[in-house]
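*Asks:* need a structure here:
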Amino acid sequence: MELLKSGAKKVVGTKQATRALKSGSARRAYVANDSDTFIFQQVIRAAEEAGVACVRVQTMKELGDACGVEVPAAAAAVLRS
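*Replies:* Numbering: from 1, shown residues only. Next comes the predicted model:
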């Protein structure tokens, strides 16, 4: 989570995180445990296929706060520099 809170370049949201994983531009993914099951599995699967570590976060609110957005976030990814 510290990587998300730092100045690292990131994307927030399921679509953007999945797109970053599939394109190979993500170096770490984050997914909230309380997100929709389909979304949770989609992000985990994309991270596994990309060979990228996927960190599970307890709540969407916690993930949104770590990303610096005012809304809950189901998924996020830190991009390669």
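*Asks:* quick one: which helix or strand includes Leu63?
*Replies:* In the assignment (DSSP states H and E), Leu63 maps to helix 60-67.
*Asks:* distance between that helix and the chain's centre?
*Replies:* Using C-alpha atoms, centre = their mean, to the nearest Å, the mean C-alpha position of helix 60-67 is found 10 Å from that of the whole chain.
*Asks:* Tell me the helix or strand right after that helix.
*Replies:* Following helix 60-67 toward the C-terminus (DSSP H and E): strand 75-79.
*Asks:* can you list contacts of that next one?
*Replies:* Strand 75-79 is contacted from outside by 3-4, 8-14, 16-18, 20-21, 25-32, 35, 39, 43, 63, 66-67, using C-beta atoms under 8 Å, 6 or more residues apart in numbering. Every C-beta, even on glycine, is put in place using the N, C-alpha and C of the backbone.
*Asks:* got it, and stretch 55-72?
*Replies:* Contact partners of stretch 55-72, identified using C-beta under 8 Å, 6+ apart, comprise 1, 4-5, 10, 12, 28-35, 73-76.
*Asks:* buried stuff in stretch 50-70?
*Replies:* Neighbour-count burial for stretch 50-70, counted by 16 or more other C-beta atoms under 10 Å, picks out 50, 52, 54, 57, 60, 62-67.
*Asks:* Between strand 75-79 and the helix ranked longest in the chain, find me the angle.
*Replies:* Secondary structure of the chain per DSSP state H: the longest helix is helix 37-50. Interaxial angle, helix 37-50 versus strand 75-79 (axes from the mean of the first three to the mean of the last three C-alpha atoms, to 10 degrees): 20 degrees.
*Asks:* Tell me which other helices or strands helix 37-50 touches.
*Replies:* On a contact count with 3 or more C-beta pairs under 8 Å, 6 or more residues apart in numbering; DSSP states H and E, helix 37-50 meets helix 14-23, strand 26-32, strand 53-57.
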